[in-house]
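>>> The following block contains a protein sequence and its predicted model.
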Amino acid sequence: MNFEFDADTEEMRAVVVAFARRELVGHRDTARAVFDPADFRRRWRLAGAQGLVGGAVPLEYGGSGLDAVTSSVVMEALGYGTEDTGFAFSVAAHLFASVMPIVEFGTEEQKRQWLPALCSGERIAAHGITEPEAGSDALNLRTRAERKGDEYVLQGSKCFTTNAPVADAFVVQAATEPGGGFFGLTAFIVEAGTPGLSVGPVYDKVGLRGSPTADVHFDGCVVPARQMLGAEGSGASVFSASMKWERVCLFAIYLGAMRRILESTVEYAQEREQFGSPISAFQAVSHRIVDMTLRLESARLLLYRAAWQLARGSQDEIAPALAKLAVSEAAVQLGLDALQVRGGLGMVEGEAETFLRDALPSRVFSGTSEIQKNNIARALGLGNNRRPRRRR
């Protein structure tokens, strides 16, 4: 096992960190931050020019051709370099949940049409699947797609759609066979501005405020059949493939953000004095910081193991779920610990409090922690799908 990256990857990491610190400052993501679409677009174009929004896309379509491991390194560097974790989250959601499905399931025509602009930063993508009545139960969508000749008519709504307020293209999941289970869903690429497609106001969220989120509505939205992504009935496969990328590479952002907060917490503990000594000398504080380090490093190992498997085409369901679960739970606890070390100052100082706000959603999106445990249990043969043991 080699736990070191080669010189080119380390150089790439350093370049991304420096770029993020210099160009992606944005808001500090406090509760007072207000989303600015013009500034978001400005930074998005810069991120596109840096190769961040299309990193995992093959070179021939305008990307950088990075595998899952290197993509994770880039996302970790992005999370470490910018305090605007919401913006970093938007970049990753665009790439892994929306663009990679086009890479893996799109026709050659679709790839040539959509990918170059989505990689350059000219266009932004969003993935619409979650609905008010279908969050964890992703196969029970109420949004319908009815075929009429060479077109599909979409009817329904999506909620919690990342990047929706600024998206130029939507990867949308809809039911073409209601009640059809795994084979009842179909994915479509829908261009913003298509008649019948509308986007609601930006959510006022507890965290990740630098990432714009909104509802998306389809009211008789007509989509040409040539914009179907994959075959009819393959929507669940499209979604599952995107989740493998998202649950691994996207969560590398949190590894970088956690390291940033851990380092600032160590610095604070060394400088803050109480009872005539730096608080880092108190065992209660030092042990808490050791626990923060343990959680971060353990989660990091699980994530890069999952990325290594994904880069080699593994179909393992356990590794991505373990990685997502470990990183999200570690992020929330690390945020709580960072606040505790800072005491009352942590409630008003901003950095640790902002990180905790940004960490809280990580236990919910991309499948809740409970869903990840269900997925792991099912893959282990536990639960109702377990084969009965043969009696002797």
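Yep, it's here. Numbers count the residues shown, from 1 in each chain.
>>> mind listing the strands for the stretch 51-200 of the chain?
Listed in chain order, the strands found in the stretch 51-200 of the chain under DSSP state E, counting those that start in this stretch are 125-128, 144-148, 151-162, 169-175, 185-191, 197-199.
>>> hey, which of the ones you listed is tucked in deepest?
Neighbour counts (mean count of other C-beta atoms under 10 Å) averaged over each of those peak at strand 125-128, with a mean of 28. In short, each C-beta sits where N, CA and C put it, glycine included.
>>> Give me the residues contacting that strand.
Defining contact as C-beta atoms under 8 Å, 6 or more residues apart in numbering, one finds that strand 125-128 is touched by 93-94, 97-99, 101, 118, 158, 161-164, 167-173, 216, 242.
>>> average pLDDT across it?
Taken as a whole, strand 125-128 has an average pLDDT of 96.
>>> then that strand to CSV, C-alphas only?
These are the backbone C-alpha positions of strand 125-128, laid out as CSV (Å, rounded to 0.1, in the frame of the first residue of the first chain):
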residue,chain,number,x,y,z
ALA,A,125,-25.7,21.9,-14.2
ALA,A,126,-28.2,20.7,-11.6
HIS,A,127,-29.5,17.2,-10.8
GLY,A,128,-33.2,17.0,-10.0
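>>> mind listing what it pairs with, with the direction of each?
Each strand that strand 125-128 pairs with, and the sense of that pairing, follows from DSSP bridges: strand 169-175 (parallel).
>>> Run the angle between the partner strand and strand 144-148 for me.
Interaxial angle of strand 169-175 relative to strand 144-148 (axes from the mean of the first three to the mean of the last three C-alpha atoms, to 10 degrees): 90 degrees.
>>> any low-confidence regions in the stretch 1-150 of the chain?
Per-residue confidence of the stretch 1-150 of the chain (counting by pLDDT under 70) places the weak regions at 26-33, 135-138.
>>> gap between residue 37 and residue 96?
Applying C-beta to C-beta, to the nearest Å, one obtains 22 Å for the distance of residue 37 from residue 96.
>>> Equivalent analysis for residue 88, please.
12 Å.
>>> Looking at these two, which is more packed in?
In this comparison of residue 88 against residue 96, neighbours counted by other C-beta atoms under 10 Å, the higher total goes to residue 88 at 33 against 27.
>>> So residue 180 sits against residue 232, correct?
No: under the contact definition of C-beta atoms under 8 Å, residue 180 does not touch residue 232, with a separation of 10.4 Å.
>>> Looking at those two, which is more packed in?
Between residue 180 and residue 232, residue 232 has the larger neighbour count (other C-beta under 10 Å), namely 17 against 14.
>>> who does the closest residue to the more buried one other than its chain neighbours bridge with?
Take residue 232 and drop its neighbours on the chain: the residue closest to it by C-beta to C-beta, 6 or more residues apart in numbering is residue 186, 5.0 Å away. As for beta bridges, residue 186 partners with residue 174 under DSSP bridges.
>>> Pretty sure residue 186 sits against residue 176.
Yes: the criterion here is C-beta under 8 Å, and residue 186 meets it with residue 176 at 4.3 Å.
>>> Next, show the common contact partners of these two.
Between them, residue 186 and residue 176 have 145, 152, 232-233, 235 as joint contacts when contacts are counted by C-beta under 8 Å, 6+ apart.
>>> And the helices in the stretch 151-300 of the chain?
For the stretch 151-300 of the chain, the helices defined by DSSP state H, counting those that start in this stretch occupy 235-245, 252-271, 283-311.
>>> Against which helices or strands is the longest one packed?
Secondary structure elements in contact with helix 283-311, counted by 3 or more C-beta pairs under 8 Å, 6 or more residues apart in numbering; DSSP states H and E, are helix 68-81, helix 252-271, helix 318-342.
>>> Residue 131: which of these is closest?
Closest approach to residue 131 among the helices and strands packed on helix 283-311 is made by helix 318-342 (21.2 Å; C-beta to C-beta).
>>> Now that closest one: buried residues?
Of the residues in helix 318-342, those buried by neighbour count under the rule 16 or more other C-beta atoms under 10 Å are 318-339, 341-342.
>>> now do stretch 274-288
For stretch 274-288, burial by neighbour count (16+ other C-beta under 10 Å) applies to 279-280, 285, 288.
>>> about what we covered before: of all the helices of the stretch 151-300 of the chain, which one is nearest residue 81?
Ranked by C-beta to C-beta, the member of the helices of the stretch 151-300 of the chain that lies closest to residue 81 is helix 252-271, at 7.2 Å.
>>> State the mean pLDDT of that closest one.
Here the mean pLDDT over helix 252-271 is 96, rounded to a whole number.
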